[in-house]
Structure formats: structure tokens, C-alpha cells
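**Student:** no sequence for this one, just the structure:
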């Protein structure tokens, strides 16, 4: 893979040396490269992956305003106390980590920011659609190779955004709060079925009991595969520092259980296979569309088909056949001229 | 494209004959085939597309509970009155069209169900993730070829689901209601930027003025491209039948404007190009992965790479190269044996 000259310079042996010696500045630089130069990701990951120790990636997700950042901060503090080093990736645009929230929240985060065992990275949601930036899993790779063994990924929304988290997290914590309709949306989005732990935050508010009751009812009627037990439901008040010890303990127990059962390894394998498939497809498309000038052809064909009210399938079949032939001809030509 | 024997029988000349003669039963059957047998879609669309007259597809979207179905019904009634024939596709699982809502709502829909100028189809959200079923645009194709010239697609959620609508609708109406935080979520999901019309329903509730004020502020600071004007913001109370005439008029004016400016044609072209690309990729992947036994290989490689902490890129590059070679060899072999 080629990388631009400026990236080549930044990615010199000095950066790697500093990074593996534990320089936080080098870590931050590497993350910036991963975020801004997708074409440098393979080169970077070639170096990172052999140094990774299999950090556990915990997705913290839920609707805006339920206190995900406070929960994340509380879990991070407890993890550090237990001897872990922690990476936090905040994709939520309203997160105090990303500077989008009230001053009070941001002040509460200050203690974390100074902690040498915690590394916080705020990420823009690049596509502007609330989803995770495509580089999120690679930022987690950087943290992993840097030596973090617990990586918290905080993301917002109820819907597809959480499903993005699912594909890059080993464990999902869904945070809700009482007396909102969010449970309905989370249900629709398929998040509750995927969550490993349900946390009702702000349990000092009224409505907690009835939300707990809804969950009990839900799991009775749930379409969850029998092999997967209903997830634990805990209550906490992160703001008043109540119940968080239990939440942290439960998270660590779940991690332990899923490591033992091989479930986390299975998730990592499926992620890797998905990555392979999309890389191969992207590569094939890049080469074949260059050979056949496909993008321009598709544009012309689309205009023509729309104008004349014709079906796209004959064109699609023809394009597929020609792509195959072009590859063959490319080889023949090379033989002839080589 | 092959289709199963049973589909082959269902898709006989009689069905097509009935369909083009205007049989609602044949239309319903065709939709069922499109929904349940994706492999029959190309054969069906080959017949549909030449008969399509370019129906306008209007996406009605917004959070649960804002009254999207009532708005949809109101617009449908007015469209019929103005001489249009209307197709309604309801993907929202809580929609009264799909039977998921309160009895009162469903009763209000009864008048529509009996109308010969309106065809309603409820669709399950197949993946269970709140998104549109992948067959939604093809159901719209059936309606279009059946002679509907206004197709309303009602979908729920604030987030990725609406973005799905964007890709299959010519015009987007975003429905919100006062005094909820939905505007924040819609903003994050990038929906407001994509909406052609913003409708504040339930305008009899308090908070309407401040929501209008938020929109005004929003459009002042908006990152919307300069070429695209801020969308009109209307208020209505669908339940009390207030303001809907204005909404319908505005929708028709927008349709007229976007047809004139070529924007709708541009959207249709981009959709078609996207469809071509993903069809080609799917076809290539199907054939190449069969040639190289790629899925099994990827699984073994993923296990191996994870165990030994190695980067996937050498494997990916190797697989891409071998896929190309296999295609070439396939041709050589055919020449040798043919």
C-alpha cells in the first residue's frame, strides 16, 4: 500500500519507537493518522496487530441524555483501581468527552483526563449520520497495541448506530433511564436483544420499578435464542455514585465468562471475517472498475435506462461478464507483450 | 435468473395479464413474490420497469408517536381527491396500517382501506433492526407499474432507518411534534439536512412556537450547502384535520419543482447506479468465492491470524491475487477441455 510522503515521514521508525516505549504523544499521533489517512491503516495495523494483547472492547450505548459518559467514567475509574489500563473512545457528539455537553459534565471528566492509566479520544461521527466513524475499530487497535486492556466505546442514539457498536465491541452495555419511551425504540432497533448488560441509570427517578417490570415481561416473551440467557438488568445512579461498584463487578464477570466460553473469540473472528470480505470486495471493485471504466459506464447506462424505461439487469449481466473477460484479456496482453 | 418451480408457476402469463388489467389481487400476489423470493426480483422487474410511469415516491418519516400514519392517510386522501392513485407502504411496526397501534387509529384507517384508488401494503422490517426491508423499493416498483403515481413510504425511527428511506424516496417529509427532544436525534442522524419538508404535527400542543424557533436558528447556522434552500417548515394537527390542505399543497409544489429542476431524475439515477454497483459486487463475490472456496478459507485464516496475532493484510492481498488467477485459469481450462 502506498502512503503519501507526509504520512510516510510521520510514520517513521521514531514514531513507532516512541509509541512502543509508551509515549502518549506518539499514541495520539498514530490515532490521528488512522483517522485522517485511511490508506495508511493497513501499514499501521501490520505493525500494531502483533503487539496487541486482546484488549476487551466494551460498547456503552443508549439514547442521548441517559448518562452514558458518567457511567463510562465511573467504570473507567474502577477498572484503573483494579489494575487495568483504560482507553475511552467517545463518538457521542453530546458527550462531555467530546466537549459537546454542559460545563458541569466536563468538569467531572477532568479527573480522568489527568490519569496516566486512562487515554481518552473523542471522535467525530464522520459521516454526520450519528454512526460510528469507520476508523473506530482501528483506534481501538491502537489502544490495544499501546497496552490498554479495557477499551470503552461510548456511542449515542437508538438505532443503527448501536448496531455499528455491536460489530466492533466484545461486550455491549445498554444504558437506559426510567420514564422515557426509549425502551420501545431500543427494542425496534434490535439493541436489547444484542445487549450483554442492561443498565437503568438515574434509578433515583420514579419509573424505575415499572421499567424493570417491562424488562421482566420482555424476556418472558422474548425471541432471544434459548442458548443465550436473558441479560442481567442492573440499576444505578451514576451521578450519585450509587450502584456502580455492582455494575463494574458484573461487567468484569461477563468478560470473564465470555472469554472462558470462547464467545469473545468468536465475535473477534466474525469481525475479522467481515473485514476480509469487505476488503476483498473493495479491492476487486477498484481494479475491475478501472479495467472496464465501470463507474462512467454505469452513469451513462443509468441515464439511458431511465430515459427509455428499461430494466437494468441486462446491463448488469453484461458488465459482470465483461469484467471477467477484461481480467482474462489483461493476462493475455501481458503474455503477448511480456 | 432461475426461480423455483413454485414461483415459476405463480409468475405465469395469467398473473401478468391480470396485473396489467388492474387486478388488485394480482398486484398483492406480485408484492408477496417480491417480498418472499428475492431471486425472482430481476425477472419481475424486467417486466415491471417498461410499464412504469415514474411515480413519485414520498418518504414520511419521524420518531414513533408523532402521527406519521395519520399524516400519511391525510395526504393520501387529498391526493386521491386531486385525481391521483396512491400506494402506501408502511414499514413502521407501530403503524396502524400494520396493525400495531391502538384500535382508534386502525378505525380511522378503515375508510382508506376500502378506497379503490388506494393500495396499502404493510411490510415487516425484515432484519428486525428497524430499517427498511430490502424489498421496499421493489414493492414501490410494483405500485408504479400498477399505475399508482403517488407512493407514500411510511417508516419509523430517528436514525439509520430514515437514511434508508432517503435512498428509496424522491422526496422526504420529516414529521416531528413539539416538546420532545426528537429534534436533537434527527439532527444527529442527518435527517433534517436531508428532509425536503419539515412538518410539526400536533401543533395544538404547547411547544410548537419554540420548536419553530429552533428550526429558524438551526437553518441560520446550518451547514446545508448554499445551493439548497432551507426546507419549508409547516405546522398541522392531523388528528383535528388542521393544516393538512397546506401540507398537501406544499408537497405537490415541491414535487413539481423537483421534477422541473431535474432533482428527482438525478435522485433516481443515483439510486440506479448504486443498485448496479451492489449487484455487480454481489455477482462477482458469488462467483469468485465459489471458485476459490473463499468463505471457508477466510474462516480458517481468521482463526489462525487471531491465534498467532498476525495482520490480515497479507492474506487479503493473496486472496485477491488468487481470485484473479482462478478466473484466468478457468478460461484456460475451458479452452483445453472445450
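**Tutor:** Noted; the coordinates are in hand. Model, not experiment: these values are computed from the prediction.
**Student:** ok, residue A:248 to chain B distance?
**Tutor:** Here the criterion is C-beta to the nearest C-beta, to the nearest Å. By it, residue A:248 lies 27 Å from chain B. All C-beta atoms are positioned from the backbone trio N, CA, C, and that covers glycine.
**Student:** could you report the neighbour count for residue A:82?
**Tutor:** 11 (other C-beta atoms under 10 Å in any protein chain shown).
**Student:** tell me how chain A divides into domains.
**Tutor:** Split into domains by automatic domain parsing, chain A comes to A:1-51, A:52-261, A:273-337.
**Student:** highest average neighbour count across the ones you listed?
**Tutor:** The highest mean neighbour count among these, using mean count of other C-beta atoms under 10 Å in any protein chain shown, belongs to domain A:52-261: a mean of 20.
**Student:** quick check: next helix or strand after the helix ranked longest in chain A?
**Tutor:** Longest helix in chain A by number of residues (criterion: DSSP state H): helix A:263-292. Following helix A:263-292 in sequence order, the next helix or strand is helix A:294-308 (DSSP states H and E).
**Student:** any residue of that next one up close to chain B?
**Tutor:** Yes: using C-beta under 8 Å from any C-beta of the partner chain, helix A:294-308 reaches chain B at A:294, A:298, A:299, A:301, A:302, A:303, A:305, A:306.
**Student:** and that helix, what does it pack onto?
**Tutor:** Secondary-structure packing of helix A:294-308 (3 or more C-beta pairs under 8 Å, 6 or more residues apart in numbering or on different chains; DSSP states H and E): helix A:313-337, helix B:263-292.
**Student:** distance check, the closest residue to residue A:238 other than its chain neighbours against residue A:199.
**Tutor:** Nearest non-adjacent residue to residue A:238, counting by C-beta to C-beta, 6 or more residues apart in numbering or on different chains: residue A:70, 3.9 Å away. Separation of residue A:70 from residue A:199 (C-beta to C-beta, to the nearest Å): 11 Å.
**Student:** what's the overlap in contacts for these two?
**Tutor:** With contacts taken as C-beta atoms under 8 Å, 6 or more residues apart in numbering or on different chains, residue A:70 and residue A:199 have no neighbour in common.
**Student:** strands along the stretch 1-150 of chain A, start to end?
**Tutor:** A:56-62, A:86-90, A:118-122, A:150-156 (DSSP state E, counting those that start in this stretch).
**Student:** measure how the second one sits relative to strand A:118-122, angle-wise.
**Tutor:** Orientation of strand A:86-90 against strand A:118-122 (axes from the mean of the first three to the mean of the last three C-alpha atoms, to 10 degrees) gives an angle of 10 degrees.
**Student:** try the last one
**Tutor:** Comparing the axes of strand A:150-156 and strand A:118-122 via the same axes, to 10 degrees yields an angle of 30 degrees.
**Student:** quick one: average pLDDT of strand A:150-156?
**Tutor:** Averaged across strand A:150-156, the pLDDT comes to 88.
**Student:** next one: the third one
**Tutor:** Mean pLDDT, computed over strand A:118-122, is 87.
**Student:** list the helices and strands it packs on?
**Tutor:** Against strand A:118-122 (3+ C-beta pairs under 8 Å, 6+ apart) you get helix A:24-36, strand A:86-90, helix A:103-113, helix A:136-146.
**Student:** which residue, other than its chain neighbours, is closest to residue A:288?
**Tutor:** residue A:323 (4.5 Å).
**Student:** and the residue nearest to residue A:78 when sequence neighbours are not counted, how far from residue A:307?
**Tutor:** In this structure, residue A:78 finds its nearest non-sequential neighbour in residue A:248, 4.1 Å apart by C-beta to C-beta, 6+ apart. Residue A:248 sits 62 Å away from residue A:307, going by C-beta to C-beta.
**Student:** and for residue A:46?
**Tutor:** 48 Å.
**Student:** again, but for residue A:42
**Tutor:** 42 Å.
**Student:** wait, doesn't the residue nearest to residue A:288 sit right on residue B:287?
**Tutor:** No: assessed by C-beta atoms under 8 Å, residue A:323 is found out of contact with residue B:287, at 10.2 Å.
**Student:** what is in contact with these two at once?
**Tutor:** Contacts common to residue A:323 and residue B:287, judged by C-beta under 8 Å, 6+ apart, are absent.
**Student:** on that earlier part again, and of the helices and strands packed on strand A:118-122, who's closest to chain B?
**Tutor:** Proximity to chain B, assessed across the helices and strands packed on strand A:118-122 by C-beta to the nearest C-beta, is greatest for helix A:136-146 (10.1 Å).
**Student:** quick one, what contacts residue A:323?
**Tutor:** Contacts for residue A:323 (C-beta under 8 Å, 6+ apart) come out as A:288, A:291, A:292, A:294, B:280, B:284.
**Student:** on that earlier part again, thinking the residue nearest to residue A:238 is in contact with residue A:239, fair?
**Tutor:** Yes: in this structure, residue A:70 is within contact of residue A:239 by C-beta under 8 Å, at 6.0 Å.
**Student:** pLDDT below threshold where in the stretch 201-338 of chain A?
**Tutor:** A:217-229, A:326-338 (pLDDT under 70).
**Student:** got the residues of it near chain B?
**Tutor:** So the stretch 201-338 of chain A meets chain B at A:265, A:268-269, A:272-273, A:275-277, A:279-281, A:283-285, A:287-288, A:294, A:298-299, A:301-303, A:305-306, A:309-313, A:315-316, A:319-320, A:323-324, A:327-328, A:331 (C-beta under 8 Å from any C-beta).
**Student:** how far away is the spatially closest residue to residue A:169 that is not a sequence neighbour from chain B?
**Tutor:** Using C-beta to C-beta, 6+ apart and skipping residues adjacent in sequence, the residue nearest residue A:169 is residue A:59, 3.3 Å away. Distance, residue A:59 to chain B, by C-beta to the nearest C-beta: 16 Å.
**Student:** next: residue A:134.
**Tutor:** From residue A:134 to chain B the distance is 14 Å (C-beta to the nearest C-beta).
**Student:** ok, residues contacting stretch A:280-299?
**Tutor:** Outside stretch A:280-299, the residues that reach it (C-beta under 8 Å, 6+ apart) are A:319, A:322-323, A:326-327, A:330, B:269, B:273, B:276-277, B:280-281, B:284-285, B:288, B:294, B:316, B:319-320, B:323-324.
**Student:** from the chain's centroid, how far away is that stretch?
**Tutor:** Using C-alpha atoms, centre = their mean, to the nearest Å, the mean C-alpha position of stretch A:280-299 is found 28 Å from that of the whole chain.
**Student:** same thing with stretch A:236-248?
**Tutor:** So, by C-alpha atoms, centre = their mean, the centroid of stretch A:236-248 is 25 Å from its chain's centroid.
**Student:** do you know how far the nearest residue to residue A:265 once chain neighbours are set aside is from residue A:273?
**Tutor:** Nearest residue to residue A:265 in three dimensions, chain neighbours excluded: residue B:306, at 6.8 Å (C-beta to C-beta, 6+ apart). Distance of residue B:306 to residue A:273, computed by C-beta to C-beta: 10 Å.
**Student:** same deal with residue A:153?
**Tutor:** Taken as C-beta to C-beta, the span from residue A:153 to residue A:273 is 20 Å.
**Student:** try residue A:264
**Tutor:** 15 Å.
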